[in-house]
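Novice: Everything below, folded, please.
(chains A and B)
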Amino acid sequence: MNILVVDDERDVQTLFEQRFRKEIRSNELTFAFAFSGEEALAYLNQHDHGSVLILSDINMPGMSGLELLDRIKKNYAVPPPKVMMITAYGDAENFNTAKSLGADDFLTKPVDFATLKDKLKTIES
Amino acid sequence: MLLQTILVIILLLNLRKETKGKNGLQQWDKLIITAICISAALFVLHNVFLPVGGLLIMLSYGVTAAVIYTVYTNTLFTSGRALLNAFWPLFVLNFIEDVITIIDKPFYKSWRNYIEGAELLALVWMIAMLIINNKQKKALEKERLINEEKEKEYRITEHLKAQLEIQVQERTTEITKQKEELQKTLHELESTQSQLIHAEKMASLGELTAGIAHEIQNPLNFVNNFSEINGELLEEMKVAIENQDYEEVKALISDITENEKKINLHGKRADSIVKGMLQHSRTSTGQKELTDINALCDECMRLSYHGLRAKDKTFNAGFETKFDEQLSKINVLPQEIGRVILNLCNNAFYATNAKKKTAGNDYKPTVTIKTAAADNGVEIRVHDNGSGIPQQIIDKIFQPFFTTKPTGQGTGLGLSMSYDIITKAHNGTLQVESQENIGTTFIINLPY
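Specialist: Numbers count the residues shown, from 1 in each chain, chains lettered A, B, ... in the order given. Got it, this is the predicted structure:
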């Protein structure tokens, strides 16, 4: 499964690569990284998004996660890629907005990788 | 005898000037009038009833002696003495003449010519004395008048002086009161100013708190995550060592080292944020420190961005940093400069947010912070592509309490305090360039 991680923190790439090193090594998962909403859209335009899961932070400078979510859900209609939003703890407002915009799932910051792995397994099966 | 009575009357009339119509001297006045009447009566009687002349003459001398005595003993009539001096020779001659007439009339007759000659001389003496007296009197009178005038002037001056002194006293009291009131007002204003500055600091600190929470949360997440990963990697290494797979061990060591660096990096990041926050909240020590302007700008920009994000969920904007990496550190008050940059960033984001509400979807709100070496120091530019500042208010933006924000949302002190910090505390300049609907740039120049 292809996963596109969108976050403005560059070290997120290292973190995910380390956390999922076994899965990456065994080719269970492949990761791509975008460091802004704009980069994420550019990536989606260039790549086949059939099996893409997008994992996006909401709080980013420039295009926010919510705006990205909105565009993905509108522009890639059939079938839109699954989008999992990362919200700050206790941020009900963003949570609800993301839900109404069609977010498929949520993670709260700080990301609990055990939970994330479980969720990925459920999606895969 | 004839002449003498007339002279006494003249003398009495003269003396009366001292007593006439004066309070407390009514008795003297009456006495003088009585003496005048007696003398007049004697004079008439003497001329009409000559035969009883002897008694009349005695009476006349009695009156004369009484008058002379009074003039010489009573200080009230000292003015009469001069007159008396003029009359003395005549009185004496008269007396001698009368005595001789009574004692020895034939002798008188044979000496008459001499006596009359002497009398003439005495008369001349009297006239001369009277003229001199009169002159002296006039001179005295003149002097007296001058003195009186002087006295009057002196009294007027004294009076004026006293009045002036009272006025001066009143004015002094008034001015002292005013001074005290002004001092009180000044004191109140000073304390209000420090309260306002404190309020402004607290307001920006409040905005910061949310930004700081976000800024600290991210590095802490990294620290926790990489630390956990290292734990897992060490477990794997144990297995690799047991399997004697040293290639794997080497790879793991390299990963662990990398992660360790990340932990360290993010730990320091959190540390500097906390320090920045502390710097922002504490009062300035007034000590300038060698400061990395790029790092300060980066930190403030992030704090501003996340602070605004946390306050207003709909807010969003891009931010760019264009730093001159060769920039040398300069001596500044870091927390003060930090406040200025933070304030400028907040304003810049606010301006882009304002424009976003009216502009179309194509509008990309962006705030750029740029540093560069200038001729004599460092230049910091905070640029936004926001709503811009209208020309009619651009001159007022550095004035205290000037704000375009709704009441209660801005203290109007941000830019005026920033201006003071840059110009007064650092001898730098703070300039603004703005075009409506295109954007605004604030340019800070800090000398080395």
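Novice: For chain A, which helix or strand comes out least confident on mean pLDDT?
Specialist: strand A:52-57 (a mean of 83; mean pLDDT, DSSP states H and E).
Novice: need the contact list for the residue nearest to the spatial centre of chain A.
Specialist: The C-alpha lying nearest the average C-alpha coordinate of chain A belongs to residue A:55 (Cα atoms, centre = their mean; 0.8 Å). Contact analysis of residue A:55 by Cβ atoms under 8 Å, 6 or more residues apart in numbering or on different chains lists A:3, A:4, A:5, A:6, A:84, A:86, A:107. C-beta coordinates here come from the backbone N, C-alpha and C atoms, glycine included.
Novice: partners of the last one in the sheet?
Specialist: It refers to residue A:107. Counting by DSSP bridges, residue A:107 is bridged to residue A:86.
Novice: which of the contacts of residue A:55 lies closest to chain B?
Specialist: When the contacts of residue A:55 are compared for distance to chain B (Cβ to the nearest Cβ), residue A:86 wins out at 10.6 Å.
Novice: what's the burial count for that closest one?
Specialist: Residues contacting residue A:86 under the criterion other Cβ atoms under 10 Å in any protein chain shown number 22.
Novice: which residues of chain A score low on pLDDT?
Specialist: Along chain A, segments meeting pLDDT under 70 span A:48-51, A:77-78, A:89.
Novice: which stretches of it form helices?
Specialist: Assigned by DSSP state H, chain A shows helices spanning A:11-19, A:21-25, A:37-46, A:65-75, A:92-100, A:113-124.
Novice: How far off centre is the second one?
Specialist: Distance of helix A:21-25 from the chain centroid (Cα atoms, centre = their mean, to the nearest Å) equals 18 Å.
Novice: Which residues does that helix contact?
Specialist: A:17, A:29, A:30, A:31.
Novice: on that earlier part again, in the sheet, which strands lie alongside the least confident helix or strand of chain A, parallel or antiparallel?
Specialist: By DSSP bridges, strand A:52-57 pairs with strand A:2-6 (parallel), strand A:82-87 (parallel).
Novice: Next, count neighbours for the spatially closest residue to residue B:246 that is not a sequence neighbour.
Specialist: Among residues not flanking residue B:246 along the chain, residue B:240 sits closest, at 7.7 Å (Cβ to Cβ, 6 or more residues apart in numbering or on different chains). Neighbour count for residue B:240, taken as other Cβ under 10 Å: 19.
Novice: do residue B:270 as well
Specialist: Residue B:270: 17 neighbours (other Cβ under 10 Å).
Novice: and what of residue B:411?
Specialist: When neighbours are counted by other Cβ under 10 Å, residue B:411 registers 20.
Novice: and what of residue B:370?
Specialist: 17.
Novice: Could you measure from it over to residue B:414?
Specialist: 21 Å (Cβ to Cβ, to the nearest Å).
Novice: Residue B:295 now?
Specialist: For residue B:295, the distance to residue B:414 - Cβ to Cβ - is 22 Å.
Novice: Skip the chain neighbours and tell me the closest residue to residue B:404.
Specialist: Once flanking residues are discounted, residue B:404 sits nearest to residue B:393: 7.2 Å by Cβ to Cβ, 6+ apart.
Novice: Report the contact partners of residue 66.
Specialist: Looking at chain A here, since you left the chain open. Going by Cβ under 8 Å, 6+ apart, residue A:66 touches A:58, A:94, A:97, A:98, A:101.
Novice: my bad, chain B
Specialist: residue B:35.
Novice: Count the neighbours of the residue in the stretch 301-448 of chain B positioned nearest to chain A for me.
Specialist: Residue nearest to chain A within the stretch 301-448 of chain B (Cβ to the nearest Cβ): residue B:318, separated by 3.7 Å. Using other Cβ under 10 Å, residue B:318 is surrounded by 19 other residues.
Novice: That one reaches residue B:356, doesn't it?
Specialist: No: if you go by Cβ atoms under 8 Å, residue B:318 and residue B:356 don't touch, sitting 11.4 Å apart.
Novice: what sits in contact with each of these two?
Specialist: Counting by Cβ under 8 Å, 6+ apart, the residues touching both residue B:318 and residue B:356 are residue B:365.
Novice: ok, now which residue in the chain is the farthest from the centroid?
Specialist: Just so you know, I chose chain A. Distance from the centre of chain A peaks at residue A:26, with 21.0 Å (Cα atoms, centre = their mean).
Novice: switch to chain B, that's the one I care about
Specialist: The outermost residue of chain B relative to its centre, with distances by Cα atoms, centre = their mean, is residue B:106 at 102.1 Å.
Novice: Backbone dihedrals for residue A:58, both of them.
Specialist: Phi and psi for residue A:58, reported as degrees, to the nearest 10, are phi -90, psi -40.
Novice: Quick check, the residue nearest to residue B:246 in contact with residue B:253.
Specialist: No: the criterion here is Cβ under 8 Å, and residue B:240 misses it with residue B:253 at 10.0 Å.
Novice: follow-up on the earlier one: identify the spatial nearest neighbour of the residue of the stretch 301-448 of chain B closest to chain A, chain neighbours not counted.
Specialist: Excluding its sequence neighbours, the residue lying closest to residue B:318 (Cβ to Cβ, 6+ apart) is residue A:62, at 3.7 Å.
Novice: where's that neighbour relative to residue B:47, distance?
Specialist: According to Cβ to Cβ, residue A:62 stands 146 Å off from residue B:47.
Novice: Quick check on the residue of the stretch 301-448 of chain B closest to chain A: phi, psi?
Specialist: phi -90, psi 150.
Novice: Return the residues in contact with the residue sitting nearest the centre point of chain B.
Specialist: The residue lying closest to the centre of chain B (Cα atoms, centre = their mean) is residue B:179, at 5.4 Å. Going by Cβ under 8 Å, 6+ apart, residue B:179 touches no other residue.
Novice: What helix or strand is it located in?
Specialist: Element membership for residue B:179, per DSSP states H and E: helix B:105-242.
Novice: just to revisit the earlier point, so which of the contacts of residue A:66 is the closest to residue B:64?
Specialist: residue A:94 (136.9 Å; Cβ to Cβ).
Novice: So the closest one sits against residue A:57, correct?
Specialist: No: taking contacts as Cβ under 8 Å, residue A:94 lies outside contact range of residue A:57: 10.6 Å.
Novice: Residue 14: neighbouring residues, count only.
Specialist: Since you didn't name a chain, this refers to chain A. Residue A:14 has 19 nearby residues by other Cβ under 10 Å.
Novice: look at chain B instead
Specialist: Counted with other Cβ under 10 Å, residue B:14 comes out at 17.
Novice: residues contacting it?
Specialist: So residue B:14 contacts B:79, B:80, B:83 (Cβ under 8 Å, 6+ apart).
Novice: Quick one: buried ones out of these?
Specialist: Buried members of the contacts of residue B:14, scored by 16 or more other Cβ atoms under 10 Å in any protein chain shown, are B:80, B:83.
Novice: The contacts of residue B:14 into CSV, with extra columns for pLDDT, secondary structure and distance to residue B:54?
Specialist: CSV is the format used below for those (pLDDT from 0 to 100; DSSP: H, G, I helix; E, B strand; the rest coil; distance: Cβ to Cβ, whole Å):
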residue, pLDDT, secondary structure, distance to residue B:54
B:79, 74, helix, 34
B:80, 78, helix, 28
B:83, 79, helix, 28
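Novice: Format the contacts of residue B:14 as a markdown table; extra columns: distance to chain A.
Specialist: Putting the contacts of residue B:14 into a markdown table (distance: Cβ to the nearest Cβ, whole Å) gives the following:
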| residue | distance to chain A |
| --- | --- |
| B:79 | 116 |
| B:80 | 122 |
| B:83 | 123 |
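Novice: rewinding a little: list the contacts of the residue farthest from the centre of chain A.
Specialist: Contact criterion Cβ under 8 Å, 6+ apart gives no residues in contact with residue A:26.
Novice: so what's the backbone phi/psi at residue 27?
Specialist: Picked chain A for this. Backbone torsions of residue A:27, given as degrees, to the nearest 10, read phi 60, psi 20.
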